[in-house]
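# Quick one, what's the 3D model for this:
(one chain, ligands or ions: 2)
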Amino acid sequence: MSDVGFQEVTIATPDDWHVHLRDDTMLRAVVPFTANLFRYALVMPNLSQPITTTASAAAYRERIIEAAGQDASAEFTPLMALYLNDSVSIADLSAGFSDGVVHAVKYYPAGATTNSEAGGSSLISYGPILSQIADLGIPLLVHAESTDPSVDIFDRERVFLENELAPVCEQLPTLKVTVEHVSTTDGVVFVREHSNVTGTITPHHLSCERSDILANGLRPDLYCKPVLNSKENRQTLIEAATSGEPSFFLGTDSAPHPLSSKRSAVGKAGIFSAPLALPVLAEVFAERGALDRLEAFTSTNGARYHGFEPSVYRVRLRRLDDRSEVFDEMLRTNDGYEVQMFGVEAARKWSLELLQGSRLDA
Ligand code: DOR
Ligand code: ZN
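Ligands and ions are numbered 1, 2, ... in the order given. Modelled structure (predicted):
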């Protein structure tokens, strides 16, 4: 990474439009990092028992708020998504949406990633429910990866977009769609070509590429789905994220797994990025000379798309070259699991200050 020297930026409190908080002891260990730093957190429903009803979403939201506890920032608000499969009923979904319990619907192709077994085998087969989701104005969040085993892993986003999402967007042009964790140029182009489609981008897809997983020893900590792609694809993602375009915004896809599951014969996909996401992003934006557009990506674009005004509170990031603070990159859960945090190198370079009580409009 090039040396970007002293820099400073103040942004409205960020929102995380894609985060996995898990449940039980893992939830309790990881949720403070999101609750202390972010305002809205759009929580993924892929628990081992997927969240497919309004009642289970409401109960999960309660567990999140309880686990976040009193240290959570006053602004922290979990937003819930239902996991789309045959057990979702449109009556329950629309009631949950109008009651403000359900904010979005998430589609996982079965087998694409962690806890996706209960997902779908074809997006278009959900046409009738998708058409009602479009009429109700509920955002559809899509894990856009083909599960066709004959398709190369690095082409799976493109193939899903071409074969599954494009026909749905054509049939339902008013459907609000977010392509989650865009990982390729094809994904960026797809978002730009569809006016009702947005894209979340993760800190790890912006700061790492596939060579980082494989070139200097195998790095299971960098394994996620969709898998990190080529340098060229990463450059397009950086260009999109730092462009200020309203269609692109932050979803950390922070996805904690115990170290023992990451470093196993068959390692799990997922990167625990929520705690240090902001320093990682600040470094990416600073290197590009685009710190003035960080706020659009982290705090403005996603909020507006999801119908909210940006936060009136602020966070200040300062880059200090001689910062010597040492981070323990391992988080420990109460039942003895370790979870590795992504982003310690960037975190050593950036200090982060929450300016609570210092409202933007003050
Ligand atoms: O790497 C990933 N991990 N990608 C996903 O889509 C799911 C996530 C998880 O839940 O672990
Ligand atoms: Zn995810």
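# Walking through the stretch 101-250 of the chain, point out its helices one by one.
127-136, 156-160, 166-171, 185-193, 203-207, 210-214, 231-241 (DSSP state H, counting those that start in this stretch).
# Next, format the ones you listed as CSV and append distance to ligand 1 and mean neighbour count.
C-betas here are computed from N, CA, C, even on glycine. Listed next are those as CSV, based on distance: least, C-beta to the nearest ligand atom, whole Å; neighbours: other C-beta atoms under 10 Å:
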stretch, distance to ligand 1, mean neighbour count
helix 127-136, 20, 16
helix 156-160, 12, 23
helix 166-171, 19, 15
helix 185-193, 14, 20
helix 203-207, 9, 25
helix 210-214, 12, 15
helix 231-241, 16, 19
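# so how far is stretch 307-321 off the chain centroid?
18 Å (C-alpha atoms, centre = their mean, to the nearest Å).
# any low-confidence regions in this protein?
Scanning the chain for pLDDT under 70 picks out 1-5, 322-325, 356-362.
# Show me where it has its strands.
Under the criterion DSSP state E, strands of the chain are mapped to 7-12, 16-19, 40-43, 77-83, 102-107, 140-142, 177-179, 197-201, 248-250, 314-319, 330-332, 338-340, 350-355.
# which residues make contact with the second one from outside it?
By that I understand strand 16-19. With contact meaning C-beta atoms under 8 Å, 6 or more residues apart in numbering, strand 16-19 is reached by 34, 38, 40-44, 141, 178, 180-181, 200, 202, 249-254, 274, 277, 302, 306.
# redo that, cut-off 7 Å
34, 38, 41-44, 180-181, 200, 249-254, 274, 302 (C-beta atoms under 7 Å, 6 or more residues apart in numbering).
# Near ligand 1, which residues of this protein are found?
20, 46, 113-114, 143, 224-225, 253, 255, 269-270 (C-beta under 6 Å from any ligand atom).
# Which pair of those residues spans the longest distance?
Pairwise distances across the residues of the chain next to ligand 1 (C-beta to C-beta) peak at 13.6 Å, for the pair 46 and 224.
# Let me see the contact set for residue 50.
So residue 50 contacts 83, 115, 118 (C-beta under 7 Å, 6+ apart).
# quick revisit: could the helices of the stretch 101-250 of the chain be laid out in a markdown table, adding distance to residue 89?
Output for the helices of the stretch 101-250 of the chain, formatted as a markdown table (distance: least, C-beta to C-beta, whole Å):
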| stretch | distance to residue 89 |
| --- | --- |
| helix 127-136 | 9 |
| helix 156-160 | 26 |
| helix 166-171 | 20 |
| helix 185-193 | 30 |
| helix 203-207 | 34 |
| helix 210-214 | 41 |
| helix 231-241 | 36 |
